[in-house]
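1. pasting the structure only:
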């Protein structure tokens, strides 16, 4: 707590070059270079880091070297992977630096991670993102941040991948809001699938139905974007895995249980996404959950 | 079927001057008068019709007189009320005219109503609307129409209350799409309530949470409009009753059952809205369903 | 109403010789013959009636002849088939006789069927049965009866297939209780399947788990009988179809909706049985619904 | 692991004298005294231990003294309380002894507790019980045990409160089966409540309905015992708290989530019991969950 926060973020590092992380790191790298700095990139499989360096002018680095940056941004599948990386990086951290975790993590992990970093003089923000690969590439991600306002103020200008950055509360609040956002995505998507299946069984043309729903009170991001673009086209591009969405809805459910809260609809839907992960495949795009609805109803949503 | 469709819609009639019907009838009346015609208005309680006439230049009429119009538009609570009015009006109908029912009706009622009107030489369209009282006043309602395309083409210019008119299929398809739209509204609203309750139990500031959700994948009409405007303000203005939304979700569920379809999430949510109608009150605004979620979680969504 | 009830039930008839009906008719026939009477049997496919006559001493008959019996018992898939048979039989009914419908029918059908029969001087009881093919063969079925107590008193001695006969209320109450009983069967069975899947994923031996559950508070007919006998053995003998159980749960759900009642768990489970009917097959035994749970969890319940 | 297991269980101890623990300890004490030994009893509030000693010939003890017994049996609200007691007792344990935890604990806690005890040379069995206060008083509880078979064989004769003892698997399996049993209790009870509410709305006499259901396929322990004895009588005797049943169902749900399993019905029902705990009261009897169903339907189950 007493270590002063660094005043400049000359060297930045990005850990985790997946479908989201790679374009996010590219924005970070472009910004660093524009201000005379550099962005170290690390990935569990080193080939991706070298590829990223070649394409985006970032610098492929070991985890030990990356750990010494002024600003570290991580974007990994779950909090479990972040914990592993934190343990491996701990001895190499630089006091005064800031670690921003953009993983869709578990709110329970955040205070533990904050405390672990604090012992090395490093600040922590949980800062998951929303917008998918499209917004990651465009640098217009929404970032929901938990943690101290002054730390966020310090790093905010560095978050070159962000279109909107909102502090939603103390440590863990970012993860909490992300989990709830994704639970709503899961529910809205599933319900739209059921509704279209009902109409499909009746022979209603689904494109026309979506057109009016999207001008009506039942509309959501899933009816406006995901279903017309991914389901009715039968493309189901795998940009965000079904298994990961099931995991996120499960985090929201876990939060409800821990608080002795009642969320029977999110609970049911989490179970259905777990089922879809088994039946359709956890690696499929999250919109492929509707393939289970199709089986359940004997219709195809096209 | 053989009676030729009327070529002009000189006299129009509007049946049912409720929260939606009254402003819709006002738009119809303004259009009629602009073209030298008139709009007869009828309501079960005649005082409302006289009031409407005084305010909007429409003409208060008996049901018998209204039944003789070239175009009849009805907007009543459920298909049961439409059936009653149809029976009473039947002997007074004018061959060649068109009856447009904007009620959120049951798809099963539509073919029966069409056939009953057909025997009097009258065409039928099921044409429920979405957009609430705001769009009704603005004349920008979305209309989802089931029935013959040529009949819709003939009356389309008369639908002065509409911002968007889409034919979604044959007779009954309009009611079907409306029921599904409202079922999605019900699910999206309930899920958002659960999600905010989870965050509220954790102490997250709900306004900030909604701000990021509305820039993220979990957004819907309910997080963008209904909850900030009606729930967080604690106003719950009663423009669309909780009991009516439960009824509409029930129609979607009934459609699923009839087709031996599987819609387990819409099914659960319908049950929860029935519960909310009992516990909170069927006459309350539909957004007041979230008061039941508040009781279930021991939190207030503000 | 004024036609006096017959004093003797010399000739009885049984309509519908399915898995349940055939053994029920055999008991009826044995009783008739013991008292010097006879039982006419009718089935849509006449071969079954002739086979029954050969095996059980009943008399294969046309529907017209069967309709003239003193006591008519029907056992058909749904109320729709009963309506068809009623229409065809109507002109041949004998005033003073009693029609006992053992179909798992819809409560809404009962008053209509009662009135139709009443116009021919015939009394009606809705009297669905429970116990499955085992109890049907043993003549120990439970019969739940809706209708006038005096009519039940008159026919009670004739119901040779029954182990227990209980009047549960007025016309339709028998169907209502049967629908609820089967909805509970559906829920209890599904929940047991989920619970065993959870234990199976953890490697717990399911036979031992069932042994303790059956000595504990979570026990039900499904854990005591159906699952050990039909699921863990992998036999799934098709004595009661999955599609018919989905239909019965749907009747309970429909009753809830009509009364504006809230039954969110029965609602979800009905949807899941509809799904199982599609994915596993409507003709499979009702216990095969657990094959869908197995797919949803990636386990086999053995 | 190397410390030999004690050959005699001369001194036994019982920790936790709640509604279940007190009569269980009385049976343990009676057995100990019959064989010339004694049972030490401990409770967080010492008055209960002294009362128990006076009534049942047990010996009120400090936790430190109780910890030195040959056999320790604990029965506490949740695993969290067991963890606290284990920590406090650790320094006073006797190598070669056995700790049997009858708490309805979390399966994740069991291996941790086993290892902690193992470091002091003490064996651990997770051994939750079912049967309620009636079976606890009668000494006929069902015990579901996880852990090594030889340890169970050694202590089995000492479990004087048991009517049936079944080893269901390795450490944690006892807790797992108990959680699933109670989840089934929760689902079966809730479904029965919904079913009776549907019948109640229709005016069916509930006692007659239960009589036939209990002779039919939908029967369960809840329709046979709990509802006739506790709900229809309006007594709701608080022997097993609503909040504790919600907790147990939550453990089953947590197990499903950890294994990426799909249990959407148990998930929904857990949420509804959480709601009932808030609305009706966590300290009320678990059967009082049906008071929430009554509110949701506007009926009273009597």
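-> Structure received. For clarity, every value in this text was computed on a predicted model and none was experimentally measured.

2. list the buried ones in stretch A:84-95?
-> In terms of neighbour count (16 or more other C-beta atoms under 10 Å in any protein chain shown), stretch A:84-95 has its buried residues at A:85-86, A:89, A:93-94. Quick note: C-beta positions are derived from backbone N, CA and C, even for glycine.

3. How about stretch A:50-60?
-> Going by neighbour count (16+ other C-beta under 10 Å), the buried part of stretch A:50-60 is A:52-53, A:56, A:58-60.

4. Which residues outside that stretch are in contact with it?
-> The contact list for stretch A:50-60, computed with C-beta atoms under 8 Å, 6 or more residues apart in numbering or on different chains, reads A:14, A:17, A:22, A:25-26, A:28-30, A:33, A:38-43, A:46, A:49.

5. What's the mean pLDDT across that stretch?
-> Taken as a whole, stretch A:50-60 carries a mean pLDDT of 97.

6. Show me what residue A:144 is bridged to.
-> On the basis of DSSP bridges, residue A:144 is bridged to residue A:166.

7. That one against residue A:166, yeah?
-> Yes: checked against C-beta atoms under 8 Å, the pair residue A:144 and residue A:166 is within contact range at 5.9 Å.

8. quick one, which of those two is more surrounded?
-> Neighbour count, other C-beta atoms under 10 Å in any protein chain shown: between residue A:144 and residue A:166, residue A:144 has more, with 32 against 18.

9. The more buried one: what's it in contact with?
-> With contacts defined as C-beta under 8 Å, 6+ apart, residue A:144 is in contact with A:127-130, A:166, A:168, A:173-174, A:177-178, A:181, B:209, B:212, B:216.

10. picking that back up, list residues touching both of residue A:144 and residue A:166?
-> By C-beta under 8 Å, 6+ apart, the residues touching both residue A:144 and residue A:166 are residue B:212.

11. thinking again about what came up before, spell out for me the PyMOL command that would select the buried members of the contacts of stretch A:50-60.
-> To isolate the buried ones among those in PyMOL, judged by 16+ other C-beta under 10 Å, type:
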select buried, chain A and resi 14+17+22+25+26+28+29+30+38+39+40+41+42+43+49
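
12. quick one on the thing from earlier: dump the contacts of residue A:144 to a markdown table, plus pLDDT and secondary structure.
-> Output for these, formatted as a markdown table (pLDDT from 0 to 100; DSSP: H, G, I helix; E, B strand; the rest coil):
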| residue | pLDDT | secondary structure |
| --- | --- | --- |
| A:127 | 98 | coil |
| A:128 | 98 | coil |
| A:129 | 97 | strand |
| A:130 | 94 | strand |
| A:166 | 96 | strand |
| A:168 | 96 | strand |
| A:173 | 98 | helix |
| A:174 | 98 | helix |
| A:177 | 98 | helix |
| A:178 | 98 | helix |
| A:181 | 98 | helix |
| B:209 | 97 | helix |
| B:212 | 96 | helix |
| B:216 | 95 | coil |
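
13. CSV please, covering these and showing distance to residue A:204.
-> Below are those laid out as CSV (distance: C-beta to C-beta, whole Å):
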residue, distance to residue A:204
A:127, 42
A:128, 37
A:129, 36
A:130, 32
A:166, 39
A:168, 40
A:173, 42
A:174, 41
A:177, 36
A:178, 35
A:181, 30
B:209, 35
B:212, 35
B:216, 30
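
14. how many other residues sit next to residue A:229?
-> Using other C-beta under 10 Å: residue A:229 sits among 12 other residues.

15. Alright, calling it a day.
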